[in-house]
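A.B. asks: Here's my sequence, what's the structure:
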Amino acid sequence: MNSGVLLVTGASTGIGRETALLAAARGFTVFAGVRRAVDGESLEAAAGEGDVRSIILDVTSPDLVSAAAARVAELGRGLDGLVNNAGIASAAPLEFVPIEEFRRQMEVNLVGQLAVTQAMIPLLRENAGRIINVTSIGGLIASQMMGPYNASKFALEAVTHVLRQELAPWGIRAIAIEPGQIATPIWHTASSNSQRLLSDMPPQVTELYGARIEDAQKLARHAAKNGLPPAEVAKVILKALTAKRPRTRYTVGTDARLGSALIARLPDRVRDRLLSGRTNPAAQRSEHSS
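C.D. replies: Residues are numbered from 1 along each chain as shown. Next up is the predicted model:
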């Protein structure tokens with residue numbers, strides 16, 4: 001597949017935006033899902049002569065998902081690729097994370113992805129198209145304070161495997177893209193979400209988990225500053241879309257490759273010790289009381 005029709009969700013910034021621009025430059029007609037009209041206008045302008053057509057798309061809105069499917073169908077060419085990229089990150093200890101926040105994480109990162117996929121499968125079936133699910137190394141390795149995000153990405157990995165099996169009779173391939181630390185706005189948003197959640201939680205959260213929350217926030221800041229450029233992920237997504245025999249999964253970044261090849265395969269308790277910077281709550285309480 002050297003060109004065709006593509007839908008990319010979460011195309012306002014980061015990986016989605018770079019994927020839309022690169023695909024358009026390679027000759028795809030790209031329907032780009034954005035949350036705000038201004039983001040769509042910016043994306044279309046950046047595409048220059050590339051064929052990018054923005055769509056207002058919130059993956060948690062059934063009406064907007066249906067409207068997006070209708071918009072793609074109007075072109076009359078089916079769909080060659082769907083890139084499920086929209087996602088958010090929430091960081092907080094599972095003991096205290098509000099259940100409504102946990103549900104929101106799952107709605108955006110998992111349920112919304114499946115809703116878009118269901119709406120697009122008839123169009124993909126026309127062209128034996130490909131489904132690209134942007135999961136994460138966080139869908140293979142779970143880390144403390146990132147429980148809601150990890151849960152959604154582990155589940156999206158499972159959905160990808162099942163779609164690959166169920167849709168194979170029609171030549172539809174489902175492929176997982178598993179980035180490591182990528183310098184995208186999701187980390188800034190995650191930090192803001194974390195601060196918002198913590199401000200509404202009881203004081204004992206800081207007493208019990210304060211040091212580990214700070215460790216997680218430091219990692220987020222490091223990823224935002226030092227992660228791979230999102231354009232590197234876009235290149236891998238285009239490879240998955242156009243390769244004659246694509247792999248079932250692609251990890252992106254040295255950290256992701258090491259994580260999937262080594263850390264994810266460690267015995268559970270060994271991996272827990274490796275990933276836990278602060279493991280003694282009693283020591284944390286002593287530290288905060290001194």
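A.B. asks: which regions of the stretch 1-150 of the chain lie under the pLDDT threshold?
C.D. replies: 1-2 (pLDDT under 70).
A.B. asks: Would you map the helices across this structure?
C.D. replies: 14-25, 37-47, 62-74, 99-106, 112-127, 147-167, 186-199, 204-226, 230-242, 254-261, 268-275, 281-289 (DSSP state H).
A.B. asks: which of those is buried the deepest?
C.D. replies: helix 14-25 (a mean of 25; mean count of other CB atoms under 10 Å). For the C-beta atoms, the positions are set from N, CA and C on the backbone; glycine is no exception.
A.B. asks: Quick one: work out the angle between that one and helix 37-47.
C.D. replies: Helix 14-25 and helix 37-47 are oriented at 40 degrees to each other (axes from the mean of the first three to the mean of the last three CA atoms, to 10 degrees).
A.B. asks: As CSV, the helices of the chain with distance to residue 89 would be great.
C.D. replies: Listed next are the helices of the chain as CSV, based on distance: least, CB to CB, whole Å:
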stretch, distance to residue 89
helix 14-25, 12
helix 37-47, 19
helix 62-74, 22
helix 99-106, 8
helix 112-127, 14
helix 147-167, 5
helix 186-199, 4
helix 204-226, 8
helix 230-242, 15
helix 254-261, 16
helix 268-275, 17
helix 281-289, 23
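A.B. asks: so which of the ones you listed gets nearest residue 137?
C.D. replies: Of all the helices of the chain, helix 254-261 sits nearest to residue 137, with 4.2 Å by CB to CB.
A.B. asks: Does anything pack onto that closest one? Which helices or strands?
C.D. replies: strand 173-179, strand 249-252 (3 or more CB pairs under 8 Å, 6 or more residues apart in numbering; DSSP states H and E).
A.B. asks: Those strands: which one's closest to residue 133?
C.D. replies: Closest to residue 133 of those, according to CB to CB: strand 173-179, at 5.5 Å.
A.B. asks: what does the closest one rub up against?
C.D. replies: 15, 130-137, 139-140, 156-157, 160-161, 163-164, 167, 228, 233, 236-237, 240, 246-253, 256, 260 (CB atoms under 8 Å, 6 or more residues apart in numbering).
A.B. asks: Most tightly packed of the helices and strands packed on helix 254-261?
C.D. replies: strand 173-179 (a mean of 24).
A.B. asks: List the neighbouring strands of that one plus their orientation.
C.D. replies: Sheet pairing here is set by DSSP bridges, and for strand 173-179 it gives strand 130-134 (parallel), strand 249-252 (parallel).
A.B. asks: looking at it, residue 146 is touching residue 91, isn't it?
C.D. replies: Yes: using CB atoms under 8 Å, residue 146 and residue 91 qualify as a contacting pair, with a distance of 5.6 Å.
A.B. asks: So between the two, which is more surrounded?
C.D. replies: Taking neighbours as other CB atoms under 10 Å, residue 146 and residue 91 compare with residue 91 leading, 25 against 22.
A.B. asks: any idea how far that one is from residue 254?
C.D. replies: Shown here: residue 91 relative to residue 254, a distance of 23 Å by CB to CB, to the nearest Å.
A.B. asks: Also residue 168?
C.D. replies: According to CB to CB, residue 168 stands 32 Å off from residue 254.
A.B. asks: And for residue 234?
C.D. replies: With CB to CB as the criterion, residue 234 and residue 254 are 18 Å apart.
A.B. asks: next one: residue 37
C.D. replies: Note on residue 37: its distance to residue 254, by CB to CB, is 38 Å.
A.B. asks: got it, and residue 230?
C.D. replies: 16 Å.
A.B. asks: One more: residue 208?
C.D. replies: Residue 208 sits at a distance of 34 Å from residue 254 (criterion: CB to CB).
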